[in-house]
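Asker: Model the structure of this input:
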Amino acid sequence: MLPSLFTRLIPPLRALLVGVPLALIAPTLAAAAEPAFAIPAPAVDLPKAAGPLQTAVLSGGCFWGVQGVFEHLTGVRQALSGYAGGVKSTASYEVVSNGGTGHAESVQITYDPQKVSYGQILQVYFSVAHNPTQLNRQGPDVGTQYRSSIFYANDDQKKVAESYIAQLNRAGVFGAPIVTQLAPLKGFFPAEGYHQDYLLLNPTSPYIVYNDLPKIRNFQKLLPVLYQSKAVTVTELKH
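Answerer: Next up is the predicted model:
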């Protein structure tokens, strides 16, 4: 499947990893340190204004952690894990995990443009949600399905994203070039139900503890003005 087979397994086997007692791997988990970057706000942004809800689709490795981060962003109404970059017929976890569908594990963020701007969403994305200098991988997960990608819905989103990437590269805040791809959004396909709210529902999973919970802590620490303690969950919205 993937070089990351032993850390993110296909669903039936990965469930075994979730049940491993943390005490057995505590020394390793204690050393976990997700990279986080204090970065400036975008110089070019869309102004906050009252209006209909907007969406942003972002990819940055395993969608469990990315979804978990954006469920804590002020102004977000929903963060939905799914697939973007390929066609509907191949938008399933087992197929996407083979790496040949063109899809990236992605998160669709539905937000109130009066409370949070598109540029602020990208600030969270680049600073704490993932490492934008890693090409076709994030942490232990390797393959194009884990690439860093912004799927823009319109020219305004594209302009903000292009400008922000150029701004951050000039500032050299990451110590390496940003490899995030920009691509037009041609479709977003929600992931299977067991992937939704995965971080919140499995907080003691070794994968989540090691790779994703540090992102939530970094978000709260680095961007407290954008952080909300109560997560907006897909599960609650269904009810």
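
Asker: Centre-most residue in this protein?
Answerer: Geometric centre of the chain, nearest residue: Val66, 2.4 Å, by CA atoms, centre = their mean.

Asker: name the element that residue belongs to?
Answerer: Using DSSP states H and E, Val66 sits in helix 63-70.

Asker: same question for that helix, mean pLDDT?
Answerer: Across helix 63-70, pLDDT averages out at 98.

Asker: moving C-terminal of that helix, what's the next helix or strand?
Answerer: strand 76-84.

Asker: Show me what that next one is packed against.
Answerer: Packing contacts for strand 76-84, counted by 3 or more CB pairs under 8 Å, 6 or more residues apart in numbering; DSSP states H and E, involve helix 63-70, strand 104-111, strand 188-190, helix 234-238. (Each C-beta comes from the backbone N, C-alpha and C, glycine too.)

Asker: Distance from the helix holding Val66 to the middle of the chain?
Answerer: Distance, stretch centre to chain centre, for helix 63-70: 5 Å (CA atoms, centre = their mean, to the nearest Å).

Asker: Pull it out as CSV, backbone CA atoms only.
Answerer: Output of helix 63-70 as CSV, limited to C-alpha atoms (Å, rounded to 0.1, in the frame of the first residue of the first chain):
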residue,chain,number,x,y,z
PHE,A,63,-7.4,14.6,6.8
TRP,A,64,-7.9,13.5,10.4
GLY,A,65,-5.6,16.2,11.7
VAL,A,66,-6.5,18.9,9.2
GLN,A,67,-10.2,18.4,10.0
GLY,A,68,-9.5,18.5,13.7
VAL,A,69,-7.6,21.8,13.4
PHE,A,70,-10.3,23.6,11.4
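
Asker: And the helices in this structure?
Answerer: For the chain, applying DSSP state H gives helices covering 11-18, 22-30, 63-70, 93-96, 118-124, 155-171, 198-201, 206-207, 213-222, 234-238.

Asker: Can I get those in JSON lines including distance to Ser149?
Answerer: Output for those, formatted as JSON lines (distance: least, CB to CB, whole Å):
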{"stretch": "helix 11-18", "distance to Ser149": "24"}
{"stretch": "helix 22-30", "distance to Ser149": "29"}
{"stretch": "helix 63-70", "distance to Ser149": "11"}
{"stretch": "helix 93-96", "distance to Ser149": "14"}
{"stretch": "helix 118-124", "distance to Ser149": "12"}
{"stretch": "helix 155-171", "distance to Ser149": "10"}
{"stretch": "helix 198-201", "distance to Ser149": "20"}
{"stretch": "helix 206-207", "distance to Ser149": "22"}
{"stretch": "helix 213-222", "distance to Ser149": "18"}
{"stretch": "helix 234-238", "distance to Ser149": "22"}
